[in-house]
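Enquirer: Model the following, please.
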Amino acid sequence: MIEKLLIATGNPAKLNHYRGILSDLVGELVCLADLDIQTRPQETGSTAQENSEIKAIYYSRQTGLPAFSIDESLYVDFLKEQPGVNVRRIDGKTEVTDQELFDYWSQKISQAPVSLRQGYWQFAYTLADHGQVIKTIIQNRPIHFFSPGSSIIVPGWPLSSLQGVGKPQSEYSPSEIQKMADTDASFVRQLFLVES
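Expert: Next comes the predicted model:
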């Protein structure tokens with residue numbers, strides 16, 4: 001078991017989600033805020049895997065700790081040009097607020113034919129130590145998009161109000177959230193099946 005692990009994200013929704021998944025796999029979990037880390041690497045990758053690995057390597061080097069990183073790409077049936085890793089980059093801005101992101105995607109989804117309101121997220125989970133990638137696992141999660149979206153907006157995950165399976169993810173019941181966490185956990189645990 002790894003004694004101490006850095007969850008390399010400043011996103012509050014991701015931190016909460018993955019802290020729950022990792023709590024029984026690691027002795028002690030710390031986050032960027034715990035270590036007062038305010039710098040970020042340049043995410044120059046064109047895939048979720050590349051960006052996840054960039055972040056894990058960067059924070060592992062910064063802290064001297066094993067680092068767990070997550071990145072994702074979005075692929076949708078209703079756009080010719082895929083958002084991929086640039087989901088939060090709209091109209092030339094490098095980052096947008098949750099509300100700006102929600103508004104932008106609400107408009108795109110409302111203009112799409114109902115038959116094309118689907119796609120998938122590709123998640124990349126990376127474990128790095130001593131500045132080197134130990135392992136990366138890829139998970140694809142199919143989704144449907146809803147218009148109008150839910151009025152429940154999760155800080156850090158505003159698209160959960162617009163996408164999910166059967167209904168917007170932000171409206172999932174505790175048991176549905178747990179089922180999703182269990183699926184994610186089955187992928188994340190694969191990272192810890194190797195010697196670090």
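Enquirer: After the longest strand anywhere in the chain, which helix or strand is next?
Expert: Across the chain, the longest stretch assigned as strand under DSSP state E is strand 132-145. The element immediately downstream of strand 132-145 (helix or strand, assigned by DSSP states H and E) is strand 163-164.
Enquirer: next one: the very next helix or strand once past that following strand to chain centre, how far?
Expert: Using DSSP H and E, the next helix or strand after strand 163-164 towards the C-terminus is helix 174-188. Distance, stretch centre to chain centre, for helix 174-188: 14 Å (Cα atoms, centre = their mean, to the nearest Å).
Enquirer: Check which helices and strands helix 174-188 sits against.
Expert: helix 12-22, strand 118-129, strand 132-145 (3 or more Cβ pairs under 8 Å, 6 or more residues apart in numbering; DSSP states H and E). Where you see a C-beta, it was placed from the backbone N, CA and C, and this is true even at glycine.
Enquirer: quick one on the thing from earlier: got the buried residues for the longest strand of the chain?
Expert: Using 16 or more other Cβ atoms under 10 Å as the test for burial, strand 132-145 gives 133-134, 136-137, 139, 141, 143, 145.
Enquirer: Surely residue 37 is in a strand?
Expert: No: secondary structure assignment (DSSP: H, G, I helix; E, B strand; the rest coil) places residue 37 in coil, not in a strand.
Enquirer: Looking at it now. What's its pLDDT?
Expert: Listed pLDDT for residue 37 reads 91.
Enquirer: With the one 10 residues further on instead?
Expert: pLDDT, the model's per-residue confidence, is 96 for residue 47.
Enquirer: list the contacts for the residue of the chain most remote from its centre?
Expert: Residue farthest from the centre of the chain, counting by Cα atoms, centre = their mean, is residue 113 at 26.5 Å. Shown in contact with residue 113 (Cβ atoms under 8 Å, 6 or more residues apart in numbering): residue 78.
Enquirer: Could you dump the helices and strands packed on helix 174-188 into CSV with distance to residue 47 added?
Expert: Below are the helices and strands packed on helix 174-188 laid out as CSV (distance: least, Cβ to Cβ, whole Å):
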stretch, distance to residue 47
helix 12-22, 18
strand 118-129, 7
strand 132-145, 9
